[in-house]
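Trainee: Any chance you can model this:
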Amino acid sequence: MSTLVVVKRHGRREAVIFVALLSECYSLKNVELKVPDAAERNVKVVLECHYKLERQATYHEELYQVKWYRGDKEFCRYEPRAVPPLKVFPIDGIEVSNETTGVKLTIIPRNRVTAEGQYSCEVTADSPSFQTQQVFAHMYVVGEYRDTYTVNLFPDLPKEYPEMTDLKRSYKLGSKLVANCSSEGSLPAANLTFFVNGNPARPQHIYHRVDGNSSSGLMSSYSSLQFIVQRRHLKKDMMIRVKCAAYIYMIYWKTVEKSAWFDYTPPTTSPSPWKQREEVAVNIKPKPTVGKTERVPGTNAAETAQRVIDVYGGRVAKENTVRFEFQRFSSGNFDLQNKFLGQPETLVYNEELKAIVDA
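Mentor: Residues are numbered from 1 along each chain as shown. This next block holds a predicted model:
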């Protein structure tokens with residue numbers, strides 16, 4: 001910023017001089033307000049307002065004052081040159097502690113409704129700039145909740161630890177693991193997070209639900225974890241550890257953990273294809289009978305031959321062979337050894353042809 005100085009003599013303008021009184025660069029920088037996301041009712045909380053004043057070429061910037069607001073109402077002011085330097089403008093539900101300094105403001109939220117909301121600090125530099133910057137932050141207050149109709153006090157924080165249900169004692173590879181977690185009676189509703197063997201569970205495996213209780217104004221949170229057990233879930237001790245954490249800002253944090261065994265019972269193996277063929281062959285083998293053989297309804301040599309081919313493959317049986325074996329078994333001959341059947345007798349009636357065949 002510059003100031004224009006005009007010098008006049010005898011009613012006429014004779015000279016125009018620019019005198020630099022203040023550098024155009026800002027000297028008040030990096031104003032920052034640090035406020036916790038949430039504070040607990042009747043517990044001290046510290047709000048911090050940081051700033052930086054830079055030395056200029058012709059002067060050194062100093063602090064003039066810091067104002068603190070809740071919403072649009074000023075409730076505290078700090079002026080280092082004033083006596084006393086700290087001034088408090090009471091607001092119902094906010095108690096300013098004597099531990100307050102220029103940068104740190106210590107308060108005790110007494111009333112949840114009036115203490116919760118937007119806070120801001122306004123920093124003003126001293127003369128000659130009187131530069132001002134204001135920053136904002138929001139703070140929730142958690143504590144007791146008074147029902148308007150019944151005039152009863154309800155705690156905003158859950159009374160109990162979160163509860164985990166439906167986790168079985170053991171699981172096998174490929175089985176489905178289901179675990180449900182709940183945290184009831186809080187305002188706001190508690191956030192639920194699952195951990196599997198110390199690692200956060202995958203978001204696609206978690207389902208959330210929040211319900212409100214109209215009678216007390218409090219809320220309950222429910223979360224379900226579901227996934228298929230795989231080898232990556234197994235550790236050296238063959239355990240699967242599932243933990244559920246319930247938290248409300250940085251004020252409330254409770255966890256519950258349960259473990260399940262990994263059931264490594266080998267699966268029942270099915271018989272080999274050769275074993276299955278033997279079982280089928282035993283079932284289709286005709287039972288030997290002595291004397292008269294009764295025909296089984298619905299079976300014939302062609303069907304039996306086809307069943308033998310289905311089991312052993314290829315053309316290992318023909319309809320004539322099966323019919324012959326049925327007749328042999330019916331007569332009481334159960335010998336299954338291979339025998340040389342010889343060649344049929346050659347019948348040639350022409351003497352010349354017979355001589356050629358015999359040769």
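Trainee: neighbouring strands for the one helix or strand residue 226 maps to, and are they parallel or not?
Mentor: Assessed by DSSP states H and E, residue 226 sits inside strand 219-228. Using DSSP bridges, strand 219-228 pairs in its sheet with strand 176-186 (antiparallel), strand 206-212 (antiparallel).
Trainee: Run through the residues that contact the closest residue in space to residue 143 that isn't next to it in sequence.
Mentor: Nearest non-adjacent residue to residue 143, counting by CB to CB, 6 or more residues apart in numbering: residue 41, 2.3 Å away. Where you see a C-beta, it was placed from the backbone N, CA and C, and this is true even at glycine. Applying CB atoms under 8 Å, 6 or more residues apart in numbering, we find residue 41 in contact with 109-112, 115, 141-144, 156.
Trainee: quick revisit: mind giving me the packing neighbours of the helix or strand following the strand holding residue 226?
Mentor: Next along the chain after strand 219-228, taking DSSP H and E as the criterion, comes strand 239-248. Contacts defined by 3 or more CB pairs under 8 Å, 6 or more residues apart in numbering; DSSP states H and E place strand 239-248 against strand 176-186, strand 191-196, strand 219-228, strand 252-262.
Trainee: wait, which of these is closest to residue 238?
Mentor: Closest approach to residue 238 among the helices and strands packed on strand 239-248 (CB to CB): strand 252-262, 4.4 Å.
Trainee: Just the buried residues of that closest one, please?
Mentor: Within strand 252-262, the residues scored as buried using 16 or more other CB atoms under 10 Å are 252, 254, 256, 260, 262.
Trainee: That one pairs with which strands?
Mentor: Under the rule (DSSP bridges), strand 252-262 has strand 170-171 (parallel), strand 239-248 (antiparallel) as partners.
Trainee: Need the contact partners of the shortest one.
Mentor: The contact list for strand 170-171 (CB under 8 Å, 6+ apart) reads 177, 229, 240, 260-263.
Trainee: In a markdown table, list the residues you listed along with pLDDT.
Mentor: Shown next, in a markdown table, are those (pLDDT from 0 to 100):
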| residue | pLDDT |
| --- | --- |
| 177 | 96 |
| 229 | 93 |
| 240 | 94 |
| 260 | 94 |
| 261 | 92 |
| 262 | 89 |
| 263 | 87 |
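Trainee: immediately after the lowest-mean-pLDDT helix or strand in the chain, which helix or strand?
Mentor: None of the helices or strands of the chain scores lower by mean pLDDT, DSSP states H and E than strand 12-19, at a mean of 38. Counting by DSSP H and E, the next helix or strand C-terminal to strand 12-19 is strand 28-34.
Trainee: That following strand: which residues count as buried?
Mentor: For strand 28-34, the neighbour count (16+ other CB under 10 Å) marks 28, 31, 33 as buried.
Trainee: what's that strand packed up against?
Mentor: Applying 3+ CB pairs under 8 Å, 6+ apart, one finds that strand 28-34 contacts strand 45-53, strand 117-125, strand 132-142.
Trainee: May I have the strands that pair with that strand, each with its orientation?
Mentor: Checking strand 28-34 against DSSP bridges gives partners strand 45-53 (antiparallel).
Trainee: which of the contacts of residue 41 sit farthest apart?
Mentor: The two members of these with the most space between them (CB to CB) are 110 and 156, at 14.4 Å.
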